[in-house]
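[1] Need the 3D shape of this:
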Amino acid sequence: MPGTSSGSSGSSRGSSIGGAKSYRDEAVVLRATKLGEADRIITLLTRHHGRVRAVAKGVRRTSSRFGGRLEPFTCVDVQLHRGRSLDTVTQVDVLDAYGQALAADYGLYTVGHALVETAERFTEVERESATQQYLLLVGALRTLARREHDAPLVLDAFLLRSLAIAGYAASFADCAKCAEPGPHSSFNIAAGGAVCPVCRPPGSAAPDPQTLELLAALLTGDWALAEESEDRCRTEGSGLVAAFLQWHLERGIRSLQHVERERSLLR
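    Prediction:
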């Protein structure tokens, strides 16, 4: 899951064009909701301007020049005009359209929705810089669409890295509380991950050691080790990741419920 955007990054990206009211950036379309009879509100995660909501006027008409360029999972080069509450899309070109590949497979589609929902949740403050999150999302969507790795592994890797970017990196070897070198046999979500016998809070989980090795591999990008993992470790690891994510977000990602039902079909 590379950490680079698939589009070019020319000097005009992220800069104002035609005055302070207009700007251009690379973005991933996270969500599109209907507005009035012909418009849509597009939620974008941009490379330089963070999460932005903008109106795409007339985009639902068959004559719209934007057409299907502003569908979820699409990576675009977009120009916007700043507004009081919502910006306005004035120009858009497709860099990579991942939606077609994901829509052709329901399992991939549900994982894709979990990716964009998570990205939106981690960028709730509009216009706050989120370049790392943007690059992580683009890499995950590209990897998913190309089927480079098992889809649930891509999702769990993305969730762990999103948490790390937000400052919630889990420890899977050394003790999360006292840094005592591991590996350790206990895992506690509230404590931040693996814990030593001295720091172990009551009620801590005791996952299979290979599960913790798998999660550490997903966090660091060791795909060779991750893909050698057994199904039981993947299932247990996904449960730990989902619980760890919910603890820090204080509520769950709704799309994950659908992914869980499809997990066995994606292997």
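[2] Would you map the helices across the stretch 151-267 of the chain?
    Secondary structure of the stretch 151-267 of the chain (DSSP state H, counting those that start in this stretch): helices located at 151-165, 209-220, 223-227, 231-249, 255-262.
[3] As TSV, these with mean pLDDT would be great.
    Below are the helices of the stretch 151-267 of the chain laid out as TSV (pLDDT from 0 to 100):
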stretch	mean pLDDT
helix 151-165	97
helix 209-220	97
helix 223-227	96
helix 231-249	94
helix 255-262	70
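[4] nearest to residue 100, of these?
    helix 151-165 (16.2 Å; Cβ to Cβ). No exception for glycine: its C-beta is placed from N, CA and C like everyone else's.
[5] Report the angle between the closest one and helix 209-220.
    70 degrees (axes from the mean of the first three to the mean of the last three Cα atoms, to 10 degrees).
[6] Let me see the residues that make contact with helix 151-165.
    1, 107-108, 111, 114-115, 118-119, 122, 132-133, 136-137, 140, 143-144, 148, 169-170, 215, 218-219, 221, 223, 226-227, 234, 237-238, 241-242, 244-245, 248, 259, 263, 266-267 (Cβ atoms under 8 Å, 6 or more residues apart in numbering).
[7] and it, which residues are buried?
    151-163, 165 (16 or more other Cβ atoms under 10 Å).
[8] and of the residues you listed, the nearest to residue 185?
    Closest approach between these and residue 185, by Cβ to Cβ: residue 160, at 20.0 Å.
[9] before we move on, back to that, only the buried subset of the contacts of helix 151-165, as a PyMOL command please.
    Applying 16+ other Cβ under 10 Å to the contacts of helix 151-165, the buried members can be selected in PyMOL as follows:
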select buried, resi 1+107+108+111+114+115+118+119+122+133+136+137+140+143+144+170+215+218+219+223+226+234+237+238+241+242+244+245+248+259+263+266
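[10] hmm, back to that, wait, which of the helices of the stretch 151-267 of the chain is closest to residue 174?
    Closest approach to residue 174 among the helices of the stretch 151-267 of the chain (Cβ to Cβ): helix 209-220, 10.6 Å.
[11] In terms of secondary structure, what does that closest one contact?
    helix 151-165, helix 223-227, helix 231-249 (3 or more Cβ pairs under 8 Å, 6 or more residues apart in numbering; DSSP states H and E).
[12] elements contacting the last one?
    It refers to helix 231-249. So helix 231-249, by 3+ Cβ pairs under 8 Å, 6+ apart, packs with helix 151-165, helix 209-220.
[13] which residues make contact with that helix from outside it?
    118, 121, 152-153, 156, 159-160, 163, 166, 168, 170, 187, 189-190, 193, 205, 207-208, 210-211, 214-215, 218, 229, 252-253, 256, 260, 263, 267.
[14] and with 6 Å instead?
    For helix 231-249, contacts defined as Cβ atoms under 6 Å, 6 or more residues apart in numbering pick out 121, 156, 159, 168, 170, 189, 207-208, 210-211, 214-215, 252, 256.
[15] After whichever strand or helix holds residue 95, heading C-terminal, what element do we hit next?
    Per DSSP states H and E: residue 95 is located in strand 87-97. Following strand 87-97 in sequence order, the next helix or strand is helix 99-103 (DSSP H and E).
[16] Where do the domain boundaries of the protein fall?
    The chain breaks down into these domains under automatic domain parsing: 1-148, 149-265.
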